[in-house]
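**Student:** Take this sequence and fold it.
(chains A and B)
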Amino acid sequence: MPTSLTTPISEQDIRKLKLGETVELNGIMVTARDMAHKCMVEEHPDFIREYLKEGLIYHCGPVVKKENGGWSFVAAGPTTSTREEPYQADVIREYTVRGVIGKGGMGDRTLEGLQEVGAVYFHTIGGLGTLLAQCAKKVLTVFKLEDFGSPEAFWVIEVEKFPAVVTMDAHGNSLHREILEKSQAIAKTLYS
Amino acid sequence: MDLTPQFYELIKKASTDLAPDVEKALQEALEREEEGGSAKNVFASILENVRAAREAGTPICQDTGTLIFYIDHPHSARSDALKEMAEAAAVQATREYILRPNAVDPVTGKNSGNNIGRNVPYFHFHQWDEGHIRVRLMLKGGGSENVGIQYKLPDVSLGAGRDLMGVRKLVVDAVTRAQGFGCAPGIIGVGIGGDRITSFMLSKELFFRRLGSQNEDPALNDLENELYENLNKLGIGPMGFGGKTTVLGVYIGAQHRHPATYFVSISYMCWAYRRKMMTVKGSEVTYAD
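**Tutor:** Next up, the predicted model:
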């Protein structure tokens, strides 16, 4: 059974999570990718603070439908997280983020930030556009839509049973580092 | 004849309806993985998403990619008219949430909002002697495009010389570097020879082949099979979670090179391998994968 977590998530609950543990996330999530991360590090915007405190950042550039004066998510899988490596640790510290959701994993700087603040990296499956959009039950608000365009805006959503796996924990462990090292060792044996 | 509705249909099919050869390869990959392991779960979710997207008519992946059209047309069909229709269809598909707006001006940072921009969509036009029009469309995601790489042989750091053994080493290196970043399991397009541009072009056009298809060149066919086996020993697995399937297929193309250059370009296609074809014969329009 997956571990169920609901925002705001306590540091204590986050530190209990182990590599490979499957989770279901509930509550508030904020989408943020390249422009949003740059903005958070350079301008420290306050408008997003209440949604990120002990909350979740989702590396995602969704397809969003406007209807009846509101919004709904049509397709919303993760984007490659490693592009946010220069910013992520600072964002986690500044906003006390408890979980970063994306794909592909992140590097050592982020891993340190996760450990220091008490946060984890949740991996979700790239390409699950339709399925993950169905977990986004409601779009609460959006920031920087005009400036950044739809894929790069801060979308604040409410999710239910959003599936993910812990691949970087709050104790300095990374599944991505393990797989990288193993595959590099195998690569050396091929055609050597 | 206005083909805008047909171009729209082509785009919609590409974005929402994964080709049967790809779905079959994903199903086989699922069956190979250990019961209860995370790789098996990943494939099960991927397949569930593929079916859900088809049923709902919504994008398989929210990154609906860059639209790349390859259009072969007779003399009687004007390329600028075809381009206009394809662009009108892309605008409509964006408005109807079949495509995400994916055209960003690198100077101003502004997203055009409708998938139209300088060189976006990208068109390869080719005039031929056939009487019909053939349109092939690829939706190429950004994450997988980011892990594409061009090498030149020899490559001292990899101990790779100017021969097919050198090429083998480069392909292994490219897939190891890509890890799960390009949404593994990937399909690997390898373009050997040519100049810097044609080398990448070749690697990418190979994606119009179907998984499991034979290479016409027996030597390259053997090389594809061998690399497929070996790359799947890397253990990177779906999304880089570890597992038995790291690639779904390897396609290799070769073209003559300048004596001084030996380029090898590697394009990576994510598992959401979206391509569709449309044939226009008179007033009859047919679609294929």
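**Student:** so who does residue B:16 touch?
**Tutor:** B:53, B:54, B:56, B:57, B:58, B:59, B:60, B:98 (Cβ atoms under 8 Å, 6 or more residues apart in numbering or on different chains). In this view, the C-beta of every residue, glycine as well, is placed from N, C-alpha and C.
**Student:** Could you find the closest non-adjacent residue to the residue in chain A that chain B sits nearest to?
**Tutor:** Minimum separation of chain A from chain B (Cβ to the nearest Cβ) falls at residue A:149, amounting to 3.1 Å. Leaving aside its chain neighbours, residue A:149 sits nearest to residue B:111 (3.1 Å; criterion: Cβ to Cβ, 6 or more residues apart in numbering or on different chains).
**Student:** After the biggest helix by length in chain B, which helix or strand is next? Please name it.
**Tutor:** Using DSSP state H, we find that the single longest helix of chain B is helix B:38-56. Later in the chain than helix B:38-56, the nearest helix or strand by DSSP states H and E is strand B:66-73.
**Student:** Look at residue B:170 and say how many residues are nearby.
**Tutor:** When neighbours are counted by other Cβ atoms under 10 Å in any protein chain shown, residue B:170 registers 22.
**Student:** pLDDT on the strand or helix carrying it, on average?
**Tutor:** Using DSSP H and E, residue B:170 sits within helix B:164-178. On average, the pLDDT along helix B:164-178 is 98.
**Student:** likewise stretch A:1-21?
**Tutor:** Here the average pLDDT along stretch A:1-21 is 96.
**Student:** ok, now stretch B:282-289?
**Tutor:** Rounded mean pLDDT across stretch B:282-289 is 95.
**Student:** Please apply the same query to stretch B:18-38.
**Tutor:** Mean predicted lDDT for stretch B:18-38 stands at 95.
**Student:** Give the buried residues for that stretch.
**Tutor:** By neighbour count on 16 or more other Cβ atoms under 10 Å in any protein chain shown, the buried set for stretch B:18-38 is B:18, B:19, B:21, B:22, B:23, B:25, B:26, B:29, B:30, B:33, B:38.
**Student:** Filter those down to the ones in helices?
**Tutor:** B:21, B:22, B:23, B:25, B:26, B:29, B:30, B:38.
**Student:** of these, closest to chain A?
**Tutor:** Once Cβ to the nearest Cβ is applied, the member of those that ends up nearest chain A is residue B:38, at 6.2 Å.
**Student:** picking up where we left off before, the contacts of residue B:16 into JSON lines, with extra columns for pLDDT, distance to residue A:82 and neighbour count?
**Tutor:** Compiled in JSON lines, these are given as follows (pLDDT from 0 to 100; distance: Cβ to Cβ, whole Å; neighbours: other Cβ atoms under 10 Å in any protein chain shown):
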{"residue": "B:53", "pLDDT": "97", "distance to residue A:82": "26", "neighbour count": "25"}
{"residue": "B:54", "pLDDT": "97", "distance to residue A:82": "30", "neighbour count": "16"}
{"residue": "B:56", "pLDDT": "96", "distance to residue A:82": "30", "neighbour count": "14"}
{"residue": "B:57", "pLDDT": "96", "distance to residue A:82": "32", "neighbour count": "15"}
{"residue": "B:58", "pLDDT": "96", "distance to residue A:82": "27", "neighbour count": "23"}
{"residue": "B:59", "pLDDT": "96", "distance to residue A:82": "23", "neighbour count": "31"}
{"residue": "B:60", "pLDDT": "97", "distance to residue A:82": "22", "neighbour count": "29"}
{"residue": "B:98", "pLDDT": "97", "distance to residue A:82": "28", "neighbour count": "24"}
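**Student:** Sketch out the helices for chain A, chain order is fine.
**Tutor:** Counting by DSSP H, the helices of chain A are A:11-16, A:34-43, A:49-52, A:85-95, A:108-117, A:129-135, A:145-148, A:175-189.
**Student:** which of those helices is buried the deepest?
**Tutor:** helix A:129-135 (a mean of 26; mean count of other Cβ atoms under 10 Å in any protein chain shown).
**Student:** Let me know whether that one sits next to chain B.
**Tutor:** Yes - judged by Cβ under 8 Å from any Cβ of the partner chain, helix A:129-135 and chain B are in contact via A:129, A:130, A:131, A:133, A:134.
**Student:** what do you get for stretch A:49-61?
**Tutor:** Yes - using Cβ under 8 Å from any Cβ, stretch A:49-61 reaches chain B at A:60, A:61.
**Student:** Now do the same for that stretch: mean pLDDT, whole number.
**Tutor:** Mean predicted confidence for stretch A:49-61 is 98.
**Student:** just stretch A:31-42 next, same as before
**Tutor:** Rounded mean pLDDT across stretch A:31-42 is 97.
**Student:** got the contact list for that stretch?
**Tutor:** A:45, A:48, A:57-62, A:76, A:79, A:83-84, A:87-88, A:90-91, A:94-95, A:144, A:147-148, A:151-155, A:157, B:109.
**Student:** Give me the buried stretch members for the longest strand along chain A, please.
**Tutor:** In chain A, assigned by DSSP state E, the strand with the most residues is strand A:154-168. Using 16+ other Cβ under 10 Å as the burial criterion, the residues of strand A:154-168 that qualify are A:154, A:155, A:156, A:157, A:159, A:162, A:163, A:164, A:165, A:166, A:167, A:168.
**Student:** can I get those in a markdown table with pLDDT?
**Tutor:** Output for the buried residues of strand A:154-168, formatted as a markdown table (pLDDT from 0 to 100):
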| residue | pLDDT |
| --- | --- |
| A:154 | 98 |
| A:155 | 98 |
| A:156 | 98 |
| A:157 | 98 |
| A:159 | 98 |
| A:162 | 97 |
| A:163 | 96 |
| A:164 | 96 |
| A:165 | 95 |
| A:166 | 97 |
| A:167 | 96 |
| A:168 | 98 |
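**Student:** Mind putting the residues you listed into TSV with distance to residue B:42?
**Tutor:** Compiled in TSV, those are given as follows (distance: Cβ to Cβ, whole Å):
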residue	distance to residue B:42
A:154	28
A:155	25
A:156	28
A:157	23
A:159	20
A:162	16
A:163	11
A:164	12
A:165	9
A:166	15
A:167	12
A:168	17
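**Student:** Out of those, which are close to chain B?
**Tutor:** A:163, A:165, A:167.
**Student:** For the first one, give its distance to residue A:45.
**Tutor:** By that I understand residue A:163. 29 Å (Cβ to Cβ, to the nearest Å).
**Student:** need the residues of the stretch 101-250 of chain B near chain A, please.
**Tutor:** Near chain A, when you scan the stretch 101-250 of chain B using Cβ under 8 Å from any Cβ, you find B:101-102, B:104, B:109-111, B:113, B:142-143, B:146, B:165, B:168-169, B:172-173, B:176, B:179-181, B:183, B:230, B:233-242.
**Student:** what are the phi and psi values for the residue nearest to residue B:57 when sequence neighbours are not counted?
**Tutor:** Spatial nearest neighbour of residue B:57, excluding adjacent residues (Cβ to Cβ, 6+ apart): residue B:16 at 5.4 Å. Backbone dihedrals for residue B:16, given as degrees, to the nearest 10, come out at phi -120, psi -20.
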